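J.: structure, please.
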Amino acid sequence: MIQYPGFNPIAFAIGPVKVHWYGIMYLLGFGVGWALARLRAAKPGSSWKPQDVDDLIFFAMLGVIAGGRIGYVLFYGLSFWRRICCIRSRSGTAGCPFTAACSA
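T.: Model (predicted):
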């Protein structure tokens with residue numbers, strides 16, 4: 001992982017809730033994209049309705065959140081899940097409760 005000297009990834013904290021800079025940037029990016037797309041959808045002759053833009057932004061946010069979690073697990077946390085999914089017997093062979101969930 002890249003280490004950034006002197007950079008605090010937490011923008012601010014309110015009690016136990018910590019707000020990270022990347023979360024603020026995601027919120028800002030989706031907010032500006034939503035506002036600009038709504039403006040274009042409101043123009044005469046546009047084939048998009050403002051409701052279509054709302055749906056697009058909503059599903060894009062879901063995709064970013066789900067994709068980020070799946071990507072994190074695949075790139076950084078796969079060994080953790082492999083230990084949970086695979087049960088090693090005393091002979092050293094691996095047994096997986098899910099078909100093709102992990103390799104020995």
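
J.: all contacts plus neighbour counts: C-alpha atoms, from now on.
T.: Noted.

J.: please report how far the residue nearest the centre of the chain lies from Ala42.
T.: The residue lying closest to the centre of the chain (C-alpha atoms, centre = their mean) is Gly68, at 2.4 Å. Computed as C-alpha to C-alpha, to the nearest Å, the Gly68 to Ala42 distance reads 31 Å.

J.: let me see the contact set for Leu74.
T.: Counting by C-alpha atoms under 8 Å, 6 or more residues apart in numbering, Leu74 touches no other residue.

J.: now the element after the helix or strand in which it is found, going C-ward?
T.: Using DSSP states H and E, Leu74 falls within helix 50-75. Following helix 50-75 in sequence order, the next helix or strand is helix 78-85 (DSSP H and E).

J.: can you state the direction angle for that following helix and helix 50-75?
T.: 80 degrees (axes from the mean of the first three to the mean of the last three C-alpha atoms, to 10 degrees).

J.: now helix 78-85 - C-alpha only, CSV.
T.: Taking Å, rounded to 0.1, in the frame of the first residue of the first chain, the C-alpha atoms of helix 78-85 are listed here in CSV:
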residue,chain,number,x,y,z
LEU,A,78,-9.2,-13.1,0.0
SER,A,79,-6.9,-15.0,2.3
PHE,A,80,-9.2,-14.2,5.2
TRP,A,81,-12.3,-15.5,3.4
ARG,A,82,-10.3,-18.5,2.1
ARG,A,83,-9.5,-19.5,5.7
ILE,A,84,-13.2,-19.2,6.7
CYS,A,85,-14.5,-21.1,3.6
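
J.: can you get me a residue count around the residue nearest to Asp54 when sequence neighbours are not counted?
T.: Closest residue in space to Asp54, ignoring its immediate chain neighbours: Trp34 at 7.3 Å, by C-alpha to C-alpha, 6 or more residues apart in numbering. Neighbour count of Trp34, defined by other C-alpha atoms under 10 Å: 17.

J.: quick one, grab the pLDDT at Trp34.
T.: pLDDT, Trp34: 97.

J.: what's the helix or strand hosting it in contact with?
T.: Trp34 is located in helix 21-42, with elements delineated by DSSP H and E. Defining contact as C-alpha under 8 Å, 6+ apart, one finds that helix 21-42 is touched by Pro9, Ile10, Ala11, Ser46, Ser47, Trp48, Lys49, Pro50, Val53, Asp54, Ile57, Met61.
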